[in-house]
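Peer 1: sequence below, structure please.
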Amino acid sequence: MTMIARWHFDAKFGHKQEAIALSKQWDEQIGKQTDIDMDKARMLSGSVGAKESSVQIEFEIDGLSELQDFFDKIAGIKMHEDWGKRMGEVIVSGSTYWEVFRVLD
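Peer 2: Just a heads-up that it's a prediction; the model follows:
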């Protein structure tokens, strides 16, 4: 079953570009160490009818177990912990959350 996993965060005022750059850095340095194909990930940003500070990153998964494997893998990557501390300086605390959608045929 194909699903879309989507991570949301809000950038602090004046820090959106830095948050986006850090997210791209994560894809290249940390995401590549997972079994998720980060080359197919998409990053979206708020425009009309959405908060301009809102950023979403989405990618396809084959099911919730693949997402759990992803979470388990990144938890063991030291670089992820260091990246999280830097990201925490440019995003609104408590604004991050995940959504998972089923793709309907």
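Peer 1: hang on, residue 13 is in a strand, isn't it?
Peer 2: No: Residue 13 sits outside any strand when classified using DSSP: H, G, I helix; E, B strand; the rest coil, being coil.
Peer 1: quick one: contacts for residue 39?
Peer 2: Shown in contact with residue 39 (Cβ atoms under 8 Å, 6 or more residues apart in numbering): no residues. (C-beta placed from N, C-alpha, C; glycine too.)
Peer 1: now it: how far from residue 52?
Peer 2: From residue 39 across to residue 52, the span is 27 Å (Cβ to Cβ, to the nearest Å).
Peer 1: one more: residue 27?
Peer 2: Taking Cβ to Cβ as the measure, residue 27 falls 22 Å from residue 52.
Peer 1: who has more neighbours, the two?
Peer 2: residue 27 (17 against 13; other Cβ atoms under 10 Å).
Peer 1: now the more buried one: which helix or strand?
Peer 2: helix 16-29 (DSSP states H and E).
Peer 1: contacts for that helix next, please.
Peer 2: Helix 16-29 has contacts (Cβ under 8 Å, 6+ apart) with 9, 11-12, 38, 41, 43, 45, 52-53, 55, 57, 79-80, 83, 86-87, 90-91.
Peer 1: buried stuff in it?
Peer 2: Residues 16, 18-20, 22-23, 26-27 are the ones in helix 16-29 that count as buried (16 or more other Cβ atoms under 10 Å).
Peer 1: quick check, nearest of the residues you listed to residue 105?
Peer 2: Taking Cβ to Cβ as the measure, residue 105 sits nearest to residue 27 out of the buried residues of helix 16-29, at 28.2 Å.
Peer 1: what's the separation between that closest one and residue 70?
Peer 2: Distance check for residue 27 against residue 70: by Cβ to Cβ, it reads 13 Å.
Peer 1: check residue 103 too.
Peer 2: According to Cβ to Cβ, residue 103 stands 17 Å off from residue 70.
Peer 1: between those two, which is the more surrounded one?
Peer 2: Neighbour count, other Cβ under 10 Å: between residue 103 and residue 70, residue 70 has more, with 17 against 10.
Peer 1: okay then, goodbye and thanks.
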